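*Asks:* model the structure of this input:
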Amino acid sequence: MKFKVKAPFSVAGDQKQAIEKLTRGIQKGLPHQVLLGVTGSGKTYTMAKVIEAVQKPVLVISHNKTLAAQLYQEFKEFFPQNGIGYFVSYYDYYQPEAYISQTDTYIAKETDINEEIDKLRLGATSLLFSRSDALIVASVSCIYNIGSPLEYSRSVLEFKKGQQVILKEILARLVDLHYKRSKFELSRGAFRVRGAVLEIATAYEDEILKVTLADNRIEKLEIRPLFGGAGSEISQFFLYPAKHYLTDPQTLEKSFDQIRQDLKTRLAELNKQKKFLEAHRLEQRVKYDLEMIKQTGYANGIENYSRYFDGRKEGEMPWTLINYYRHLFGDDFLVIIDESHMTVPQLRGMYQGDLSRKKALIDFGFRLPSCLDNRPLRFNEFQPLLPQVVYVSATPDEWELKLSKGAVAEQLIRPTGLIDPQVTIRPSEGQINDLIKEILARKKKGQRVLVTTLTKKMAEELSRFLENPQNTQEPILVHYLHADVDTLARTDILADLRGGKYDVVVGVNLLREGLDLPEVSLVAILDADKQGFLRSKTSLIQTMGRASRHVSGQVILYADQISYAMKEAIEEVERRRKYQLDYNQKNHITPRSIEKPIREKIAEGKKDSKLKFKLEDVELEALTPGEKKKLIPYLRKEMRQAAAELDFEKAAQIRDLIKQTG
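*Replies:* Alright, predicted model coming up:
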């Protein structure tokens, strides 16, 4: 099926020339182009029209999960008949394995996987193998290893009406694809057998495949919703694996031999350096891991052996989502890097951060040197994998502009005629009282406010201060937003701001790029004159842009002096305002605020992490080891919250409970 845009509006402003320029560039085979578009000018719609024109599979890369979720929802609306996927890290909580030599502290890996996001990730890769009109919105996790696309494609299981089959062989194949057998209730990624009927709950959709057998033949195929509802009969079905990471059993056995050989070599090196403790530690660790993998198919930290299981050579790049595109489409696909001024530096820096952490683990005998090959792509590996790239940003960096060699499409006019917001500077003395007045003034008009701080702690403390009516005279509904908030909850908080559940959201850098909040009429930036990344020219322009979707948009910079970054940012905003005002005057356009429906949630996220039970009701003896492990992060968060509220007695109780749980 071809990409076909469906939207309640048509091309407006200067979108037409941007769409035409980018389309021509892609058709000519230009490897790099830039879309420089101001906030609210409809950059996502422009890209949708370009995709419709060029008809290529697309990978969209965003630098954080919140923006990726928003883009995913927007593209699903623009392309309701096409295959749109969402691929981000599935961890709600992730503590990587690490060793701090200064304090002789080993930190074991701790994770909390979000099952809904795992389902969406699997659904995204299944889309690539099932249709050519695939568009996947991904975070930078797309440069991490997910296993060989060749192994994945070999593992697709076909069911066809009338097909000759042997039930025992099908069940064995399902286990190889990481589906689990269940005797009773079906859940995602499980299967069960009842007489001559096999039922499989797919790992990537909320649906059940029902296979009816008769005389070693598939007599009937049906698909029905996982949570109840009418089913429908089908003639063919392709079942995709329940995990990305797949290994052939023969490869696994060969891998063990190679791991043992590398262990022997590494132990000789450590003993020669008289690192006997490290050698003993490493030998115990690797032997234990191999035994666990052999007996259960899994060990904590199994990803550190991925090079062996993938059949990769030392130093060879990992298999990533981008390799899946290349495996299926060759060079005939398009990559869009959203908010490129943020995404590109993040992609560039991820390898070094991973390397420095793992070197300590190797040096002190916690891991084999081969763990270095479980890594993200280096930037010099990442670039050649991309056939054609469009960098999208309101403030592209010099790197993207230079790489594009003049292939830059500017989009400075908003279809609604809205202009960049007015910017005022106010002193930091008395800033909170002034901010409260401004918030209350907008609340009376049914408008919303964003406030940006420099740290997470400041965001949380300011939120608590503003939600206390004793501090504000009138009630203010407020919530904070930063990287520690669960992935799906971030999108929900912003939707609740739009819907009126909150008057204000206080955040850190998550409030900069791409957040589509037309109800926001005021953006307040605290400590605007502080030097650093969060108050650079680029960051300030992006933050100011959050107020540009409202006809009464205003920005207040609280500062004691005008920094160089503030001066440049204000000048650029004023330049754009002048251009936009002139355009409106020439074309007799009256600015109007954007009206946009609040989208449904992309998935049901986890509930508020605050404990919903009394501490005395926790029965540790009744919990499994896995349940205890999952409980600890929530207990720690609740303990910190109790301490922040000066409820030290409760904090101490939770601390004691954590010790017992561990």
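
*Asks:* after the helix-or-strand element of the chain with minimal mean pLDDT, heading C-terminal, what element do we hit next?
*Replies:* Ranked by mean pLDDT, DSSP states H and E, the weakest helix or strand in the chain is strand 91-95, scoring a mean of 68. Next along the chain after strand 91-95, taking DSSP states H and E as the criterion, comes strand 98-100.

*Asks:* could I get the average pLDDT for that next one?
*Replies:* When pLDDT is averaged over strand 98-100, the result is 86.

*Asks:* which parts of the stretch 101-250 of the chain are helices?
*Replies:* 115-130, 149-154, 167-176, 249-272 (DSSP state H, counting those that start in this stretch).

*Asks:* what average pLDDT does the second one get?
*Replies:* For helix 149-154, mean pLDDT rounds to 85.

*Asks:* do the longest one as well
*Replies:* Per-region confidence: helix 249-272 scores 89 on mean pLDDT.

*Asks:* wait, what's in contact with residue 98?
*Replies:* Residues in contact with residue 98 (C-beta atoms under 8 Å, 6 or more residues apart in numbering) are 106-107, 357, 360-361. Placement of C-beta: from N, CA and C, glycine included.

*Asks:* which one of those residues is nearest to residue 410?
*Replies:* In terms of C-beta to C-beta, no member of the contacts of residue 98 lies closer to residue 410 than residue 357, at 40.9 Å.

*Asks:* just the buried subset of the contacts of residue 98, written out for ChimeraX, thanks.
*Replies:* Buried members of the contacts of residue 98, identified by 16 or more other C-beta atoms under 10 Å, are gathered into one ChimeraX selection as follows:
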select :361
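
*Asks:* of all the contacts of residue 98, which two lie farthest apart?
*Replies:* Spatially, the most separated pair among the contacts of residue 98 is 106 and 357, at 12.4 Å (C-beta to C-beta).

*Asks:* which residue of the protein sits farthest from its center?
*Replies:* Here the chain reaches farthest from its C-alpha mean at residue 215, the gap being 47.0 Å by C-alpha atoms, centre = their mean.

*Asks:* distance check, it against residue 233.
*Replies:* Note on residue 215: its distance to residue 233, by C-beta to C-beta, to the nearest Å, is 19 Å.

*Asks:* ok, residue 101 next?
*Replies:* 63 Å.

*Asks:* same deal with residue 556?
*Replies:* Computed as C-beta to C-beta, the residue 556 to residue 233 distance reads 62 Å.

*Asks:* out of those two, which sits in the busier spot?
*Replies:* The neighbour comparison of residue 556 against residue 233 (other C-beta atoms under 10 Å) goes to residue 556, with 24 against 10.

*Asks:* tell me the SS of that one?
*Replies:* Taken by DSSP: H, G, I helix; E, B strand; the rest coil, the conformation at residue 556 corresponds to strand.

*Asks:* residues in contact with the residue nearest to it when sequence neighbours are not counted?
*Replies:* Ranked by C-beta to C-beta, 6 or more residues apart in numbering and with sequence neighbours excluded, the top spatial neighbour of residue 556 is residue 524, at 4.9 Å. In this structure, residue 524 makes contact with 435, 438, 449-452, 555-556, 558, judged by C-beta under 8 Å, 6+ apart.

*Asks:* if we use 7 Å, what do you get?
*Replies:* Counting by C-beta atoms under 7 Å, 6 or more residues apart in numbering, residue 524 makes contact with 435, 438, 449, 451, 556, 558.

*Asks:* tell me which two of these sit farthest apart.
*Replies:* Taking C-beta to C-beta, no two of the contacts of residue 524 sit farther apart than 449 and 558, at 13.5 Å.

*Asks:* those two: which has the busier surroundings?
*Replies:* It is residue 449, of residue 449 and residue 558, that has more neighbours when counted by other C-beta under 10 Å, with 28 against 21.

*Asks:* that older thread, want to throw the contacts of residue 98 into JSON lines with pLDDT and distance to residue 529?
*Replies:* Formatted as JSON lines, the contacts of residue 98 follow (pLDDT from 0 to 100; distance: C-beta to C-beta, whole Å):
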{"residue": "106", "pLDDT": "87", "distance to residue 529": "42"}
{"residue": "107", "pLDDT": "85", "distance to residue 529": "37"}
{"residue": "357", "pLDDT": "87", "distance to residue 529": "34"}
{"residue": "360", "pLDDT": "90", "distance to residue 529": "38"}
{"residue": "361", "pLDDT": "93", "distance to residue 529": "41"}
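
*Asks:* between the contacts of residue 98, which is nearest residue 413?
*Replies:* Taking C-beta to C-beta as the measure, residue 357 is the one of the contacts of residue 98 closest to residue 413, at 45.9 Å.

*Asks:* surely that closest one touches residue 100?
*Replies:* No. Under the contact definition of C-beta atoms under 7 Å, residue 357 does not touch residue 100, with a separation of 10.3 Å.

*Asks:* out of the helices of the stretch 101-250 of the chain, which one sits most buried?
*Replies:* Mean neighbour count (mean count of other C-beta atoms under 10 Å) peaks for helix 115-130 among the helices of the stretch 101-250 of the chain, with a mean of 21.

*Asks:* remind me what that one packs against, helices and strands.
*Replies:* In terms of contacts (3 or more C-beta pairs under 7 Å, 6 or more residues apart in numbering; DSSP states H and E), helix 115-130 is packed against strand 83-87, strand 134-138, helix 321-329.

*Asks:* give me the neighbour count for residue 477.
*Replies:* Here the number of neighbours of residue 477 (other C-beta under 10 Å) works out to 16.

*Asks:* one more: residue 205?
*Replies:* Neighbourhood size, residue 205 [other C-beta under 10 Å]: 17.

*Asks:* how about it, what does it touch?
*Replies:* Contacts of residue 205 (C-beta under 7 Å, 6+ apart): residue 123.

*Asks:* where does the stretch 501-650 of the chain dip in pLDDT?
*Replies:* Applying pLDDT under 70 to the stretch 501-650 of the chain picks out residues 510-515, 594-597, 599-630, 643-648.

*Asks:* ramachandran coordinates for residue 567?
*Replies:* Backbone torsions of residue 567, given as degrees, to the nearest 10, read phi -60, psi -50.

*Asks:* let me fix that: residue 334
*Replies:* According to degrees, to the nearest 10, residue 334 has phi -120, psi 140.

*Asks:* ok, it - contacts?
*Replies:* With contact set as C-beta under 7 Å, 6+ apart, residue 334 has these partners: 26, 54, 56, 58, 388.

*Asks:* the first one: what's its closest spatial neighbour, skipping adjacent residues?
*Replies:* What it means is residue 26. Closest residue in space to residue 26, ignoring its immediate chain neighbours: residue 54 at 4.9 Å, by C-beta to C-beta, 6+ apart.
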